[in-house]
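>>> got a predicted structure here, sequence first:
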Amino acid sequence: MQRRAFLKRTALGAASGAVIAAPVHAQEAAPVSWRLASSFPNESPTLFAGAQDVARYVADVTDDKFRIEVFSAGELVDAGQVLDAVQQRVVDCGHTASTRFFDTDPALCFDAGVPFGLNTRQMNAWMLQGEGLALTRVLFDKYGILNFPCGFTGAQMGGWFRGEVKTVDDLRGLKIKAGGFARQVLARMGAVPVDLPIADTYAALEQGGVDAVAWIGPYDDENLALYKVARNYYFPGWWAGTLQLSLYVNQQAYDELPKSYQAALGLACRMATTNMIAKYDAGNPDALRRLVQHGAQLKAFPRPVLQAAHAAALQLYQELSAKDPMFKKLYESMAAFRDKEIPWFRVAEGSFDSLMATLGQPAA
């Protein structure tokens with residue numbers, strides 16, 4: 001109980017950078033039980049843990065009166081059914097990446113990450129201090145869903161390839177596991193996008209069912225052991241400078257919550273977001289070293305390949321903007337924010353990172 005009281009006073013406040021009071025009179029509110037459907041399987045422990053973090057933080061600050069039961073992908077609904085399940089209130093909320101629903105509504109991708117878009121810091125700023133959250137909430141309103149940013153992966157790797165990619169022609173005919181916006185861009189470059197569960201990727205690579213698998217990064221990829229069947233580990237994952245995960249909340253279910261529970265839920269999402277990116281930033285360096293020791297071959301995508309991907313993405317942005325005013329509004333807002341941020345990041349963050357890489361680490 002002392003731990004919960006401390007969290008009420010301090011922990012959730014730290015998510016917004018200041019110590020704030022907990023939701024008022026949470027102890028007087030009636031008990032509430034929700035169900036949460038995740039799009040992530042147990043094979044993706046870091047991604048799946050985001051929903052578990054939300055449930056734990058909410059329970060802690062409400063003395064277990066607001067409880068959220070978390071189900072992994074496939075337990076209640078399939079990974080690709082989370083949007084529908086929340087909309088129809090089969091579940092009260094869902095944890096997912098909006099890129100998964102590109103075919104339902106391409107504009108939803110801006111809630112997650114798009115090719116040649118924003119990095120983690122920029123995405124966080126666009127969502128919370130720019131127009132990102134307000135615009136995406138207008139988009140989700142037609143589904144009866146309230147979206148909360150709830151996790152970041154950071155910049156991703158470009159995936160595991162059985163063969164080398166030296167030119168754009170090397171992508172032609174390649175069967176690549178990819179989803180969302182990336183799938184469309186790869187198809188325009190001559191690749192054959194394939195959708196399959198991440199648990200099936202090892203066998204698919206080994207048996208030639210796919211030629212490449214794009215997943216997250218070293219911290220998650222290590223457990224898949226894909227280096228045994230596809231040693232070429234490419235970077236960067238140009239299809240997103242980061243992947244933002246989201247908590248989808250049924251609007252009616254949210255409106256029924258006491259105000260203190262609403263506050264607890266929003267702040268818990270902030271805590272889960274901070275925790276997830278910290279896990280990736282802390283875990284990726286060591287995981288990458290281990291992968292290289294196991295034989296993974298780090299390779300950068302050649303610049304002509306990246307330029308071709310960029311050109312294909314721009315063409316698709318233009319086509320989708322011409323068809324959908326909301327897509328156009330989101331794209332223009334994101335692009336303007338990105339173009340404003342990049343010069344600053346080059347002056348400050350980029351130059352500092354380059355300096356440290358050049359100087360190396362000080363001797364112990």
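Arrived safely.

>>> which neighbouring elements make contact with the top helix by length along the chain?
Ranked by residue count under DSSP state H, the longest helix found in the chain is helix 259-293. Packing partners of helix 259-293 (3 or more CB pairs under 8 Å, 6 or more residues apart in numbering; DSSP states H and E): helix 12-14, helix 45-61, strand 66-71, strand 145-152, helix 218-221, strand 244-250. Backbone N, C-alpha and C define where each C-beta goes, glycine included.

>>> most tightly packed of those?
The highest mean neighbour count among these, using mean count of other CB atoms under 10 Å, belongs to strand 244-250: a mean of 27.

>>> list of residues touching the helix or strand following that one?
Next helix or strand after strand 244-250 toward the C-terminus (DSSP states H and E): helix 251-256. Under the contact criterion CB atoms under 8 Å, 6 or more residues apart in numbering, helix 251-256 has outside partners 34, 89, 92-93, 141, 144-146, 262, 265.

>>> repeat that for stretch 127-145.
83, 86-87, 105, 107-108, 110-111, 123, 126, 146-147, 149, 244, 248-252, 326, 329-330, 333-334, 337.

>>> buried ones in stretch 344-364, by neighbour count?
The neighbour-count criterion (16 or more other CB atoms under 10 Å) identifies no buried residues in stretch 344-364.

>>> got the contact list for that stretch?
Under CB under 8 Å, 6+ apart, the answer for stretch 344-364 is 119, 121-122.

>>> next step: those restricted to helices.
Among the contacts of stretch 344-364, the residues falling in helices (DSSP H) are 121-122.

>>> now stretch 58-67 - C-alpha only, PDB.
C-alpha atoms of stretch 58-67 as PDB (Å, rounded to 0.1, in the frame of the first residue of the first chain):
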ATOM      1  CA  VAL A  58      -3.500   1.700 -13.600                       C
ATOM      2  CA  ALA A  59      -4.000  -0.900 -10.900                       C
ATOM      3  CA  ASP A  60      -1.300   0.500  -8.700                       C
ATOM      4  CA  VAL A  61      -2.700   4.100  -8.600                       C
ATOM      5  CA  THR A  62      -6.300   3.000  -8.100                       C
ATOM      6  CA  ASP A  63      -5.700   0.500  -5.300                       C
ATOM      7  CA  ASP A  64      -6.700  -2.300  -7.800                       C
ATOM      8  CA  LYS A  65     -10.100  -0.800  -8.400                       C
ATOM      9  CA  PHE A  66      -9.400  -0.200 -12.100                       C
ATOM     10  CA  ARG A  67      -8.200  -3.500 -13.500                       C
END
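
>>> can you give me the helices in the chain?
Secondary structure of the chain (DSSP H): helices at 2-6, 12-14, 45-61, 82-87, 120-128, 132-141, 180-188, 201-207, 218-221, 251-256, 259-293, 303-323, 325-345, 351-359.

>>> Pro236 is nearest to which of these?
Smallest distance to Pro236 across the helices of the chain (CB to CB): 8.3 Å, for helix 303-323.

>>> mean pLDDT and distance to Ser72 for the helices of the chain - can I get that in a markdown table?
Below are the helices of the chain laid out as a markdown table (pLDDT from 0 to 100; distance: least, CB to CB, whole Å):
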| stretch | mean pLDDT | distance to Ser72 |
| --- | --- | --- |
| helix 2-6 | 43 | 26 |
| helix 12-14 | 43 | 25 |
| helix 45-61 | 95 | 6 |
| helix 82-87 | 98 | 11 |
| helix 120-128 | 98 | 25 |
| helix 132-141 | 98 | 23 |
| helix 180-188 | 95 | 21 |
| helix 201-207 | 95 | 17 |
| helix 218-221 | 94 | 15 |
| helix 251-256 | 98 | 20 |
| helix 259-293 | 97 | 16 |
| helix 303-323 | 98 | 32 |
| helix 325-345 | 97 | 30 |
| helix 351-359 | 91 | 36 |
